[in-house]
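Chemist: mind folding the following:
(3 chains)
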Amino acid sequence: MRSSGWESLTGRQPALFALILLVLSVAINLIVQPNMFARETLNSNMRVFLPIILMAVGQAIVILGGGIDISVGGIASIVNAVLATRVGLDGSPGDMWTYVLVSLLIGLLAGGINGFFISYLRLQPIITTYATSFLYGGFALYVLPNPGGGIPGDIAGLYRSSTPFGLPLAFYVIAIVLLLWWYLRSTRYGNFLYAVGGRAQAAYETAVPVNWVQFSTYVVSGLMAALSGVAITMLSGSGNADIGSPMTLNSITAVVIGGNALSGGMGGVAGPVMGAITLGIIQNIISFADINTWWETFVRATIIVVALAAPGLVNLFRRRLL
Amino acid sequence: MKRVSISPPVAALLLAVVLFALSGLLPNGFGSDMDVARAQATNIVRLAVFLGVIAAGQTLVIISGGEGIDLSAGAVVTLTAILTYIIVNGADVRVLPALLVALAVGGLVGLINGIGITFLRVSPFVMTLGMAGVVTGAIIVITHGSVTGKVAPIMTRLIARPLSPSLQIPNAILIWILFGILMWLLLERTTFGRNLFAIGVNRVTAKLSGVNVTGMNLLTYSLAGALAGFGGFLLVGNTGVVHLQLGQPFLFPSIAAVAVGGTLLSGGKGSYWGTMAGAITLTLITSLLTTMQMPESVRQMVLGGTLLILISIYGRQRALRQ
Amino acid sequence: MAESLSARNIVKRYGGVVALSDGNLDVHAREVVALIGANGSGKSTMSKVINGVVVLDGGQLLLDGKPVHFPSPQAAKNAGISTVFQELSLIPQMTVAENIWLTREPLNGFGVVDRKAVKTRTEELLALFEGTYKTTLHPDSPIVSLPPDERQIIEILKAISFDPWLIILDEATASLDNRQVQRLFDLVAKWKEQGKAIVFVSHRMEEIFRIADTYTVLRNGRTVGAGSIKDINEQQLIKLMIEKESVLGFLRGEAKSGEKIEKEVSLEVQNLTSSALRDVSFRVHKGELLGIGGLQGQGQYHLLHSLFGDIPYVGTVKLFHKEVRFKHPREAMRGGFALVPGDRAREGLLYIRSILDNMLLPSWRRYGMPLKVSTARKDAAQTGLSLNLKMAGLDAPVSSLSGGNAQKVVIGKWLMRNPQVLLLDDPTKGVDVGSKAEFYSLLTGLSEQGKTILFYSSDDEELIGLCDRVLVMYDGMIRTELSGTTLTKTNLIAASLGATQPHGEVA
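Modeler: Numbering: from 1, shown residues only, chains lettered A, B, ... in the order given. This next block holds a predicted model:
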């Protein structure tokens, strides 16, 4: 079978598609928001995008390993609820950092639970994490039954307005995450991840520790979801146990428009990061595009569905052409 | 080597009976008086009707396999309930048109799901979750946040009340039994039903045996959407009022009900009787939690935990090492 | 380095299917042992037992005389055992180098994979087969972009990359060309000198006699013979592989019913071309049982599936002089075609469903609405009876049936529709000998009834015994047509391997 130019191109450079989309959306955004590269605007945009970027990175790693994690929103919600109730609006920085640490442990634990059920009990990833998303979401609601509480304003301010060397804080976070990913990718673990996501049976026959690798992807995803929860709490400054639930689908969408195959084993993390930014910019454009408020949810949701269907559309179109 | 085994629907019903009996021991449970107990039991079954009807479409898509699931069901229920409410607006003559609109709108949403899943190869979970957002957006567009309308007297009479005062069974339950018989006919006594099980087990075999797999998929998702629409119609007839979150609480239980009823979440095996039993069991659990004054958060966690336990029992995938 | 490995009385079941009931194998250093058996005799399972991929249900493994247990492929690997899998164990999305060194990547500091070293070592390995593959093959090529023979070479290189003492070659030569096979055999000779042991799983007699020192024959999951290759000839080996001589005898008796064929052409295929077929043309007569031969994967699957409307093609297909162009198996089915696919579990059956559901799947529409299930049940029972289907009842799941009976269900579901054209893709694969004999008489019976039958088989004996005419496929083309006196085993094998001129007199 002959592979077309496009196929080999996207095969080798899955992030290319994401890059094109990103450039396109930035261009459109520039039209509606000419000052988007001004320091203040850039920072205010990036701090909004960061939570979903972090979550998308975790989601991308799970999906690369052949799974999916529906519970990420629930994990972020727990973190938000814990921070908002334990630290409080007048808590000390010491409390804050202690509970950030606790949050990360919660993320690891929640991811570990997912991983245990999926890799060791061999349950289907989608339905398992859907079930745990209710466990985690319910737990967040248990901790914080009604919206309220929050974190001290000056700590939230630290997140919102820090621009070391003139660049938004988010840039540094993204840079660290990408560096860590590139390190991980170049270790044996990186190869294992692609092998397990590509063909788990073949990986198993080659003595790749398949169960362990699958387990680890959920732990990583739990950790990233917790980080995302910390970020969104610092962004909003307040507590709401439902804060994470809309983020799950966005994280998956970011991975899909980032050029990764939902079936696993193809793509990377840079693509999903760009995908998450693109998604954020699209939302930006919608809110600037003077759309009737009542139509906003509909338009946003439709764009997400179209984005999710985009790879399928491209394929369908290509099949017709050939 | 025959093992003694209880079929899952029977097991689910037994569980419901045992729970109901045990609930008599609770301080503010369902009481030990036989009349009170019977009234309570009737009431629980009546409440289970709506979950049961909404879970009917879910049963079909789950049986159809390919990770089939319909996460848009909750939003569709809300939308069609609101449409019914607006269209009927208190007039008996507009009930039938409203029912047709509810079925058509639900069917249309299902058809879009089906197109995305079969032609654009979006995973059912992601596609229907995305469509849930679109439908929610459509609800906001239609209602602008507030709904004016009214159910017609005939609906309340047909759905919420008993046929005659002497027969102490609400019509909803009779409708449900009739509906259950129709569902059984559909699954067991039509070519559609037999082919549905076939594509749920193995789509290659089904295609090579002359089954139009694509058409079956489109039809199944459309039908599931229409059934959710019917659920919305019934629900508003019972409650008499609508709100923007009317259908959402039914979504997760509708999937859990299918699982409790012994339908394989991987597809190809199951029954609507099982789903009916599952709906009763879940409604009972929820009512018990409410009676015990447990908060919403606990209810969520119990539901999530129930599904997790069920898939641990039924939903194992093939082990890597045989 | 170890000196010997023995498998003793191995038992392995998959679900209800017994793959090995009493498997025995002895391997010694500096020796090539040929593991031989018909399809479904348990050869592949035996190799999976040795390399720790499957859990044993009974028996034991001895390494240098001491019992060993391999709880995972890793454990077998640590003991120096390596396998070239028949179903390749490569990850399609990853590159050649990544695949070969997976789990054994050389590392720099900080656990980073040393890409340079990986590349150099991969190039060293590729050099072993230098000149037998296309120049575009290099360490960074993704596996998806490679043709089957190059994938097979990578699989071989992957297996030897960690210098094992025991190498299992499971049908490793099936997709290699002559030059590549020769290179592999040169390597095998070298490995022997180095003190390695080789298990050579194959069904190609010529190759077995070329490189094997000893042989072990499996039949229906049981080791039925072993010894030095010098003490046995091809005929005797074949005899060991086949359970009863009566099958062959049966074949000879039933075959060559040439006079009975009506002269009317029923199916005519002209210039059929698709992704895996090149310009295939032939005619079949009414009542003819036309054989299709050739090595596996030469386009037979595509030919049968194209005719059944499952794979798009260009070209013309005529049924009784009228052109048909099926776009979906449903249309083909309604046009009187039936396909018995090659992979029963994946293409032919609904495993967890009942025998009734399987048999009636193509025919439900005939039973009205609501379905008259009791009538359908009667019809299915009758078909089951006529096929001598052994079952607990129509409601028993197909997964409870043996291979032969499961295949009867697949055939039965089509016989219920009384098709005009039967397309059979290796229908006796993994079927016990008793059922095979029943199939043969069923097929000859059907052709006598005037059905048109296209019969692909990987078993040359079957083709010779049952068919008057055999089309041998090679690389997507019909390479040779054999019939009458040219239809001999030698010619069949020669044509399978790509030789154009059949030996023997031309009619």
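Chemist: which helix or which strand is home to residue C:217?
Modeler: strand C:214-219 (DSSP states H and E).
Chemist: list the buried residues of whatever helix or strand comes next after that strand.
Modeler: Per DSSP H and E, the first helix or strand lying C-terminal to strand C:214-219 is strand C:222-228. Burial within strand C:222-228, assessed by neighbour count using 16 or more other CB atoms under 10 Å in any protein chain shown, is assigned to C:222-226. Using the backbone N, CA and C atoms, a C-beta is placed for each residue, glycine as well.
Chemist: quick one: which of those residues is nearest residue B:157?
Modeler: Nearest to residue B:157 among these is residue C:222, at 73.8 Å by CB to CB.
Chemist: kindly state the pLDDT recorded for the closest one?
Modeler: Residue C:222 carries a pLDDT value of 88.
Chemist: okay, and the spatially closest residue to it that is not a sequence neighbour sits in which element?
Modeler: In space, and not counting its chain neighbours, residue C:222 is closest to residue C:22: 4.7 Å by CB to CB, 6 or more residues apart in numbering or on different chains. According to DSSP H and E, residue C:22 maps onto strand C:17-28.
Chemist: which SSE is immediately downstream of that strand?
Modeler: strand C:31-37.
Chemist: could you tell me the angle between the next helix or strand after that following strand and strand C:222-228?
Modeler: As assigned by DSSP H and E, the chain's next helix or strand after strand C:31-37 is helix C:43-50. Helix C:43-50 and strand C:222-228 are oriented at 80 degrees to each other (axes from the mean of the first three to the mean of the last three CA atoms, to 10 degrees).
Chemist: in the strand holding residue C:22, what counts as buried?
Modeler: Buried-residue list, strand C:17-28, by 16+ other CB under 10 Å: C:17-28.
Chemist: how near is the residue nearest to residue C:222 to residue C:366?
Modeler: To residue C:366, residue C:22 is 46 Å away according to CB to CB, to the nearest Å.
Chemist: tell me what residue B:170 is bridged to.
Modeler: Under the criterion DSSP bridges, residue B:170 forms beta bridges with residue B:162.
Chemist: report how many residues lie close to it.
Modeler: Neighbour count for residue B:170, taken as other CB atoms under 10 Å in any protein chain shown: 20.
Chemist: go on, the one 4 residues further on?
Modeler: Taking other CB under 10 Å as the criterion, the count of residues near residue B:174 is 15.
Chemist: surely it touches residue B:159?
Modeler: No. Contact criterion CB atoms under 8 Å: residue B:174 and residue B:159 do not qualify, at 10.1 Å.
Chemist: residues in contact with residue 311?
Modeler: Since no chain was named, I'll use chain A. A:256, A:261, B:121 (CB atoms under 8 Å, 6 or more residues apart in numbering or on different chains).
Chemist: not what I meant, chain B
Modeler: A:123-124, A:127-128, A:131, B:259, B:265.
Chemist: ok so, going back, looking at the contacts of residue A:311, which has the smallest pLDDT value?
Modeler: residue A:261 (84).
Chemist: surely it is in contact with residue A:268?
Modeler: No. The pair residue A:261 / residue A:268 is not scored as a contact, 11.4 Å apart, by CB under 8 Å.
Chemist: with neighbour numbers in mind, choose between the two.
Modeler: A count of neighbours by other CB under 10 Å puts residue A:268 above the other of residue A:261 and residue A:268, at 23 against 19.
Chemist: how far away is that one from chain B?
Modeler: Using CB to the nearest CB, to the nearest Å, residue A:268 is found at 20 Å from chain B.
Chemist: give the contact list for that residue.
Modeler: Here residue A:268 is in contact with A:14-15, A:60, A:64, A:181, A:185, A:260 (CB under 8 Å, 6+ apart).
Chemist: highest neighbour count among those?
Modeler: residue A:60 (31 neighbours).
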